[in-house]
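Undergrad: okay, predicted coordinates and the sequence, questions at the end:
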Amino acid sequence: MLPLVLLALACGPTDEPDDTNAPALAAEATLEDDIPTVAWVRWETDDPGTSWVEYGPTKDLGRTTVPGTVASTAHAVLLAGMSPRSTWYWRAVTEIDGELHKSKLMSLETGVAPRELPEVENTSYDASLALPGYTITTSLGVNAWLIVFDTEGNPVWWKAADEGTVFAQVRLSPDGTSILYNVASLNFGTDVGEIRRIRLDGEQLSATRTVMGHHDFVGLPEGGFAYIAADTREWVNPDDGLTYTVVGDTLMEVPEGATDDSGNRAVWSTWDDLTVAVSPTEDDDFYPFGLDWTHSNSLKFDEDTGTYVMSVRKEDAVAQIDRASGDLLWTLGGVASDFTRTEGRAFVGQHSPEFIAADRFMLFDNGDINAPDAYSEAVEYSVDMDARTYTPVWHYDLGQRISSYLLGDVERLANGNTLIAWGSGGTITEVTPDGETAFQVSLSIGAAIGFTHHIDALGGVETP
């Protein structure tokens with residue numbers, strides 16, 4: 001990838017005066033060819049210091065990259081989150097012994113987004129209600145993409161899937177400079193599962209082989225990942241006495257950078273505790289090599305309790321697994337639930353269950369797509385662990401206008417709002433506890449939305 005060095009005309013100083021007494025830093029920005037909304041800002045100082053870049057669409061700036069934590073004399077900061085085909089202003093900053101050293105206020109012109117990106121048809125944003133920042137998501141349709149949107153629905157970062165592959169989960173690294181995502185083959189006929197880490201300028205930093213991996217993964221506190229893998233075994237159907245190849249799921253752990261399964265650890269399998277329930281005549285042909293039984297589709301890890309929460313979609317169930325022992329602690333939902341629902345409808349085909357407090361969890365309920373009044377919704381439940389009951393306490397269904405037969409996601413935000421991805425409905429909504437729309441972006445017909453997360457900031461200091 002060759003960077004385009006910005007000429008003085010496109011990256012020249014403005015008339016804005018420097019607001020420090022220290023000599024101005026001599027910084028230069030380079031814009032990336034493949035992602036021309038991403039730039040590197042580089043400069044040097046005589047003494048070591050920590051650095052960041054202030055930037056924004058006006059001379060008032062208003063945004064900063066994630067500050068570095070390691071003092072250095074050579075500074076490289078990744079600038080991201082800029083809208084295409086627009087002017088952006090920036091200023092490099094280094095703190096040395098408590099004193100701020102800044103460059104002159106500079107400007108740059110960003111490039112054009114690819115025509116192949118899914119078209120944004122509708123956006124809305126209420127600054128008084130929404131959480132500032134960005135939204136990162138996966139999109140499926142004619143082409144598969146990773147996309148970061150700003151609050152106006154502009155794509156500020158993107159990556160196309162390799163031919164014959166799709167994206168599932170995508171996450172921003174804690175330092176804001178790299179993105180983690182997983183890939184699988186388009187029809188799951190070939191095992192190409194990987195978790196990849198790429199820098200925001202598009203450079204791949206690592207690839208981790210996830211044998212038979214699909215749908216979701218999470219980073220582990222000590223490094224490495226946990227992921228969901230297809231677990232294929234032979235099963236004798238008690239109804240007809242015939243043997244069928246059935247696909248369940250295993251929860252796996254793998255060190256980052258692994259090239260095969262030699263370092264993998266199997267934590268738990270659906271075959272360990274759940275009863276096979278498949279119909280050979282009603283299989284959806286999701287897997288070309290066997291009957292789709294559990295179709296687990298999302299995974300969360302709670303470091304405080306040392307437990308995983310996994311969504312077992314085709315069982316309409318949520319499972320909690322102890323990481324250390326691999327024991328199934330309980331299931332919630334479905335025919336073998338350890339909990340009783342006190343009111344409300346049963347969730348069906350759910351995605352992204354997550355505990356947001358010790359006694360609260362939420363999920364995206366896809367709903368029964370075969371029901372005459374089918375609709376999807378985000379639901380929050382209160383849970384009584386002693387009584388083994390759960391009760392819906394909040395929900396949002398977009399006026400029952402969307403019934404998502406695939407995908408979907410939900411995330412509780414720091415300001416109390418909820419971010420919802422409507423799967424095959426092609427829409428992302430941030431909604432307040434009272435049901436007011438704070439932010440919404442809808443893509444063109446045919447584009448589905450996968451896992452979706454809020455991002456506070458993009459860019460930061462290059463990792464040594």
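TA: On my side now, so go ahead. Numbers count the residues shown, from 1 in each chain.
Undergrad: residues contacting W330?
TA: When contacts are counted by CB atoms under 8 Å, 6 or more residues apart in numbering, W330 touches 319-320, 338-339. For every residue, glycine as well, the C-beta is placed using N, CA and C.
Undergrad: repeat that with 10 Å
TA: Contacts for W330 (CB atoms under 10 Å, 6 or more residues apart in numbering) come out as 317-321, 337-339, 385, 388.
Undergrad: filter those residues down to just the ones in strands.
TA: Cross-referencing those against strands under DSSP state E gives 317-321.
Undergrad: end-to-end on stretch 107-115?
TA: Terminal residues of stretch 107-115 are spaced 25 Å apart (CA to CA, to the nearest Å).
Undergrad: filter the contacts of W330 down to the buried ones and hand me the ChimeraX line.
TA: To isolate the buried ones among those in ChimeraX, judged by 16 or more other CB atoms under 10 Å, type:
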select :317,318,319,320,321,337,339
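Undergrad: just name the closest of the contacts of W330 to A266, please.
TA: I321 (11.4 Å; CB to CB).
Undergrad: ok so, going back, adding distance to G399 and pLDDT, write the contacts of W330 out as CSV.
TA: Output for these, formatted as CSV (distance: CB to CB, whole Å; pLDDT from 0 to 100):
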residue, distance to G399, pLDDT
A317, 28, 98
V318, 26, 98
A319, 32, 98
Q320, 33, 98
I321, 36, 98
S337, 29, 98
D338, 34, 98
F339, 29, 98
M385, 34, 97
R388, 33, 98
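Undergrad: nearest to Y125 among the contacts of W330?
TA: V318 (32.5 Å).
Undergrad: wait, that closest one sits on F347?
TA: Yes - using CB atoms under 10 Å, V318 is in contact with F347, at 8.7 Å.
Undergrad: quick one on the thing from earlier: which one of the contacts of W330 is nearest to A226?
TA: I321 (10.0 Å).
Undergrad: in contact with that closest one, which residues?
TA: So I321 contacts 226, 251, 267-268, 272-273, 299, 301, 307-310, 327-330 (CB under 10 Å, 6+ apart).
Undergrad: give me that answer again for 6 Å
TA: 268, 308, 328 (CB atoms under 6 Å, 6 or more residues apart in numbering).
Undergrad: tabulate these (JSON lines), appending pLDDT, distance to S403 and neighbour count.
TA: Formatted as JSON lines, the contacts of I321 follow (pLDDT from 0 to 100; distance: CB to CB, whole Å; neighbours: other CB atoms under 10 Å):
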{"residue": "W268", "pLDDT": "98", "distance to S403": "32", "neighbour count": "21"}
{"residue": "Y308", "pLDDT": "98", "distance to S403": "29", "neighbour count": "22"}
{"residue": "L328", "pLDDT": "98", "distance to S403": "31", "neighbour count": "18"}
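Undergrad: those residues in strands, which ones?
TA: 268, 308, 328.
Undergrad: quick check: closest non-adjacent residue to the last one.
TA: So the one you mean is L328. Leaving aside its chain neighbours, L328 sits nearest to D273 (4.4 Å; criterion: CB to CB, 6 or more residues apart in numbering).
Undergrad: if I look at that neighbour, how far off is T123?
TA: Here the criterion is CB to CB, to the nearest Å. By it, D273 lies 45 Å from T123.
Undergrad: so if I had to pick from those two, which one is more boxed in?
TA: T123 (16 against 13; other CB atoms under 10 Å).
Undergrad: mind listing what's buried in whichever strand or helix holds the more buried one?
TA: Assigned by DSSP states H and E, T123 belongs to strand 120-125. Within strand 120-125, the residues that count as buried by 16+ other CB under 10 Å are 120, 123-125.
Undergrad: same question for that strand, mean pLDDT?
TA: On average, the pLDDT along strand 120-125 is 92.
Undergrad: can you check stretch 346-366 too?
TA: 97.
Undergrad: same thing with stretch 31-47?
TA: Mean predicted lDDT for stretch 31-47 stands at 95.
Undergrad: which residues do V318 and F347 both contact?
TA: G333.
Undergrad: just curious, which of the contacts of I321 is nearest to G367?
TA: Distance to G367, by CB to CB, is smallest for Y308 among the contacts of I321, at 25.0 Å.
Undergrad: for the closest one, give the beta-bridge partners.
TA: Listed by DSSP bridges, the beta-bridge partners for Y308 are F301, I321.
Undergrad: residues contacting the nearest residue to G81 once chain neighbours are set aside?
TA: The shortest distance from G81 to any non-neighbouring residue, by CB to CB, 6+ apart, is to L458 (4.0 Å). For L458, the contacting residues are 80-81, 176, by CB under 6 Å, 6+ apart.
Undergrad: then L458 would be within a strand, right?
TA: No - under DSSP: H, G, I helix; E, B strand; the rest coil, L458 sits outside any strand and is assigned coil.
Undergrad: just to revisit the earlier point, same for the strand holding T123, what does it pack against?
TA: strand 437-443 (3 or more CB pairs under 6 Å, 6 or more residues apart in numbering; DSSP states H and E).
Undergrad: show me where the protein has helices.
TA: Secondary structure of the chain (DSSP state H): helices located at 270-273.
Undergrad: packing partners for the biggest strand by length in the chain?
TA: Criterion DSSP E: the longest strand present in the chain is strand 39-56. In this structure, strand 39-56 packs against strand 28-32, strand 63-64, strand 72-79, strand 87-96, with contacts taken as 3+ CB pairs under 6 Å, 6+ apart.
Undergrad: closest to G133 out of these?
TA: strand 63-64 (9.9 Å).
Undergrad: who does that closest one pair up with?
TA: Assessed with DSSP bridges, strand 63-64 is paired to strand 39-56 (antiparallel).
Undergrad: and the strand it pairs with, what's buried?
TA: For strand 39-56, by 16+ other CB under 10 Å, it's 39-43, 45, 49-56.
Undergrad: among the residues you listed, which pair sits farthest apart?
TA: Farthest pair in the buried residues of strand 39-56 (CB to CB) is T45 and G56. Separation: 23.4 Å.
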